[in-house]
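>>> Sequence first, then the predicted structure, then my questions.
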Amino acid sequence: MHAVEDGCVVYVPARDQVHFLNATAMCVLELCDGAHGVDTIRRELEALAGGELGFDLRSGILDQFEQAGIVTAHVTQDGS
């Protein structure tokens, strides 16, 4: 991940692809460290935004990240 003015650039070597992420997606990626579940990531984003998210995190950004090979989802027993 390489930070730029309004987000970051991510290179996925396995696919030889470059992705530009806006600031929100960059925050999500930073929280995708294996220590934060979906619910925790949602709460962190809502705290930053000062309100509820206007999108479904799991079927939005996280699914896009997984499809692009940026992250690999690991579902825990609590479903996060």
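Okay, I see it.

>>> now the residue lying closest to residue 69 once chain neighbours are set aside: how far from residue 29?
With Cβ to Cβ, 6 or more residues apart in numbering as the measure, residue 12 is the residue that lies nearest to residue 69, at 4.6 Å, once sequence neighbours are left out. All C-beta atoms are positioned from the backbone trio N, CA, C, and that covers glycine. To residue 29, residue 12 is 12 Å away according to Cβ to Cβ, to the nearest Å.

>>> Between these two, which is the more surrounded one?
Regarding residue 12 and residue 29, a neighbour count based on other Cβ atoms under 10 Å identifies residue 29 as having more, with 21 against 13.

>>> got the contact list for that one?
Residues counted as contacts of residue 29 (Cβ atoms under 8 Å, 6 or more residues apart in numbering) are 1, 8, 10, 21, 65, 70-71.

>>> Relative to the whole chain's centre, how far out is whichever strand or helix holds it?
Using DSSP states H and E, residue 29 sits within helix 23-31. Its chain's average C-alpha position is 5 Å from that of helix 23-31, according to Cα atoms, centre = their mean, to the nearest Å.

>>> Check which residues of that helix are buried.
Judged by neighbour count using 16 or more other Cβ atoms under 10 Å, the buried positions of helix 23-31 are 24-29, 31.
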